[in-house]
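*Asks:* fold the following, please.
(chains A and B)
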Amino acid sequence: MGKIMKKINIGKKILSENEKCAIENKSFLAERKKLCLNMISSPGSGKTTILVRTITELKDKTKIGVIEGDIQTDIDTQRIKTTEAPVVQINTEGACHLSAAQVSRGLKNLPVSDLDLIFIENVGNLVCPSAFELGEAGKVVVLSVAEGDDKPAKYPGIFAKSKVLLINKIDLLVSGGQVDFDIERAKSDARRLNKAIEIFPVSAKTGQGMADWYDWLIRNVEQSKMQP
Amino acid sequence: MHEMMVAQSLLAQILDEAAKQNAKPVAAKISCGKLNAINDEILRFAFDAIAKDTLCQGVKLEIEHKPLQAKCKICKSIFKIEFSKPQCEKCNKQEFELLPDAPLILEEIEFQNG
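*Replies:* The predicted structure follows:
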């Protein structure tokens, strides 16, 4: 009983379902002229602290909503709620990244028409989230100085794909202090793969450097509003 | 770790095609770009785990990694980018733009009849 083998050409994208949903999210946001940014970093780099400060200090200039992605708990959502910004929690129950379908459900639970800017705070992880488009206009990667200045070289994918790099916790960089982090090295490693990346060294704790980040945000919110 | 979601989508597509072909799949060939960050060992482990007790149990995965390419802004040549030394192969300049990374593709499935 000879077995007959046959090969079938498929040529289909494996993540086509996620991609289809990401495109739907993107057009949903573009039709409403909303800016949506996908924030990605390692756990503990300060994404939520950056968001809380940004929302608070831009309160009179732009209306911000947040989709919070975490493996477990609503700790981050509770922190965002202190700003009174609309926030939706998504628990991935173990998954290391958000999917476009989860963001689509998140968008349905946000008062999108009242907002100018929607942040997606992805699950803390520098690798997996970078492989899944969610429908955002751009990615913002956060790197805190305690993680080390070699991260752009060691995790090139996310730095190559991001529009903005926030180098956070620069208040830890004091002469003779505990943290060695060469900002110029991190910047040049990130720019080797991504010439267009905007880099803002900030401290979300003290507010240092945040003004340049806010200017970038406001400029991009305005551009989204002017899209035909 | 995101290989699990890739494995789930892959399994669904192979089972779909197996139903159309009314045949048992024995191997599948996929290709991916560098920025998909696919680790072969983890993808195979995840796929084997969820394929167990389905028609796809025992399906061998062949995984082809396509290089990330860039176009030199100076001499216009297209070259394979090395993260450790990102520069043009021909003129050694570092002025380049990254070309889109290859997506994850299910290229081909091999079936056995009878």
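*Asks:* tell me how far stretch A:75-82 lies from the chain's centre.
*Replies:* Distance of stretch A:75-82 from the chain centroid (CA atoms, centre = their mean, to the nearest Å) equals 17 Å.
*Asks:* mean confidence for that stretch?
*Replies:* Average pLDDT, stretch A:75-82: 96.
*Asks:* any residues touching it, and which ones?
*Replies:* Residues outside stretch A:75-82 that contact it (CB atoms under 8 Å, 6 or more residues apart in numbering or on different chains): A:Thr48, A:Leu51, A:Val52, A:Ile55, A:Val66, A:Glu68, A:Asp70, A:Val87, A:Val88, A:Gln89, A:Glu121. C-betas here are computed from N, CA, C, even on glycine.
*Asks:* from the residues you listed, which land in strands?
*Replies:* Applying DSSP state E to those, the entries found in strands are A:Val66, A:Glu68, A:Asp70, A:Val87, A:Val88, A:Gln89, A:Glu121.
*Asks:* pLDDT at the second one, what is it?
*Replies:* At A:Glu68 the predicted local confidence, pLDDT, stands at 97.
*Asks:* also A:Lys3?
*Replies:* In this model, A:Lys3 carries a pLDDT of 69.
*Asks:* cool, A:Asp180 as well?
*Replies:* Note on A:Asp180: pLDDT of 91.
*Asks:* the residue nearest to it when sequence neighbours are not counted: what's it in contact with?
*Replies:* In space, and not counting its chain neighbours, A:Asp180 is closest to A:Asp149: 7.9 Å by CB to CB, 6 or more residues apart in numbering or on different chains. Listed by CB under 8 Å, 6+ apart, the contact partners of A:Asp149 are A:Asp180, A:Phe181, A:Asp182, A:Ile183, A:Arg185, A:Ala186, A:Asp189.
*Asks:* show me what the host helix or strand of the last one is packed up against.
*Replies:* Translated: A:Asp189. With secondary structure defined by DSSP states H and E, A:Asp189 is part of helix A:183-193. Contacts defined by 3 or more CB pairs under 8 Å, 6 or more residues apart in numbering or on different chains; DSSP states H and E place helix A:183-193 against helix A:151-154, helix A:156-161, strand A:164-168, strand A:198-201.
*Asks:* make it 6 Å
*Replies:* helix A:151-154, helix A:156-161 (3 or more CB pairs under 6 Å, 6 or more residues apart in numbering or on different chains; DSSP states H and E).
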